[in-house]
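Trainee: Pasting a predicted model and its sequence here:
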Amino acid sequence: MSMYFGSENVVEALKEGLNPTLTGISKDQQFGSGFYFFENAMSAKEQIGKQGLKVVHPVIMSANVELENPVKLERGQTIHDAVVNASPKQIHQIMLHSERIFDIFSPLLEWKGIDRHRLSKELIQEACEHYALPENFWDMEKELFGDLGEAKIFRAAVNETLGYDGVTIVLGDGIENKVAWFKEQVSDIQVHEILPAPEPTNPAVRTQVQVPCLPNSTQNRIN
């Protein structure tokens with residue numbers, strides 16, 4: 001069954017099949033970072049612009065999404081309601097995927113609002129024990145892997161260490177929304193609807209915005 005994905009910029013979204021750098025964390029992403037897919041096109045449309053990205057060539061795409069071992073949520077829940085059982089050792093393995101956590105710019109140096117001058121084994125152990133608690137696990141993505149380019153590192157680390165590969169939100173009556181963590185989980189990407197480009201805010205420079213030529217793989221179904 002096809003699912004739907006909204007993007008601010010069709011060119012950027014379809015780079016290399018599906019652009020993983022457009023999946024960072026924002027205040028409106030209740031289910032963590034990843035490729036958000038919805039069971040209907042209207043829901044996908046409502047998400048466009050919520051990541052704070054500039055809306056250039058908005059588009060709704062359809063695709064097939066296959067998740068093997070997702071975190072499962074019920075309607076009304078967020079990613080912080082997903083209980084993950086991880087040991088401090090497994091948290092450390094996840095952290096090792098980001099070199100920045102252990103270098104001189106480590107986010108741990110300002111962890112919990114406390115300025116520190118150096119990393120210590122005690123500090124790293126404290127952080128591992130903290131994020132191993134189910135109520136703290138998902139905070140690790142924003143607090144330690146918070147940059148847009150590092151969200152995919154967190155997802156890959158959790159997948160390798162704990163086996164999860166996305167999020168499924170069960171809405172009832174067999175209907176689900178999904179968050180894929182990797183572009184390889186998404187196939188048969190088609191353009192469902194090209195939306196009107198926003199008007200420039202300055203009337204003096206208002207011109208007709210041209211929708212760019214789409215990659216060949218997406219042109220066989222444009223409604």
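Mentor: The structure has been received and is ready for your questions.
Trainee: and the helix or strand hosting residue 45, how far from the chain's centre?
Mentor: Using DSSP states H and E, residue 45 maps to helix 41-46. From the chain centre to the centre of helix 41-46 is a distance of 17 Å (Cα atoms, centre = their mean, to the nearest Å).
Trainee: State the helix or strand in which residue 157 lies.
Mentor: With DSSP H and E as the test, residue 157 turns up in helix 151-162.
Trainee: So which elements touch that helix?
Mentor: If you count contacts as 3 or more Cβ pairs under 8 Å, 6 or more residues apart in numbering; DSSP states H and E, helix 151-162 packs onto helix 88-95, helix 139-144. For the C-beta atoms, the positions are set from N, CA and C on the backbone; glycine is no exception.
Trainee: Can you spell out which helices and strands pack onto the shortest one?
Mentor: When you say that, I think you mean helix 139-144. Counting by 3+ Cβ pairs under 8 Å, 6+ apart, helix 139-144 packs on helix 88-95, helix 121-132, helix 151-162.
Trainee: hmm, back to that, what sits up against the helix holding residue 157?
Mentor: The contact list for helix 151-162 (Cβ atoms under 8 Å, 6 or more residues apart in numbering) reads 20-21, 23-25, 32-34, 84, 86, 90, 93-98, 140-141, 144-145, 164-165, 181-182.
Trainee: Assign residue 177 to helix, strand or coil.
Mentor: Secondary structure, DSSP: H, G, I helix; E, B strand; the rest coil: residue 177 is strand.
Trainee: Which parts of the chain are strands?
Mentor: Taking DSSP state E as the criterion, the chain carries its strands at 3-7, 35-37, 59-65, 71-74, 166-172, 175-180, 186-194.
Trainee: Could you export those to CSV, including columns for mean pLDDT and distance to residue 110?
Mentor: Shown next, in CSV, are the strands of the chain (pLDDT from 0 to 100; distance: least, Cβ to Cβ, whole Å):
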stretch, mean pLDDT, distance to residue 110
strand 3-7, 88, 33
strand 35-37, 88, 30
strand 59-65, 90, 37
strand 71-74, 96, 28
strand 166-172, 95, 29
strand 175-180, 93, 29
strand 186-194, 88, 36
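Trainee: State the pLDDT value of residue 27.
Mentor: You'll see residue 27 listed with a pLDDT of 49.
Trainee: right, so of the helices and strands packed on helix 139-144, which gets closest to residue 41?
Mentor: helix 151-162 (25.0 Å; Cβ to Cβ).
Trainee: Taking strand 175-180 as reference, get the angle to the closest one.
Mentor: Computed by axes from the mean of the first three to the mean of the last three Cα atoms, to 10 degrees, the angle separating helix 151-162 from strand 175-180 equals 100 degrees.
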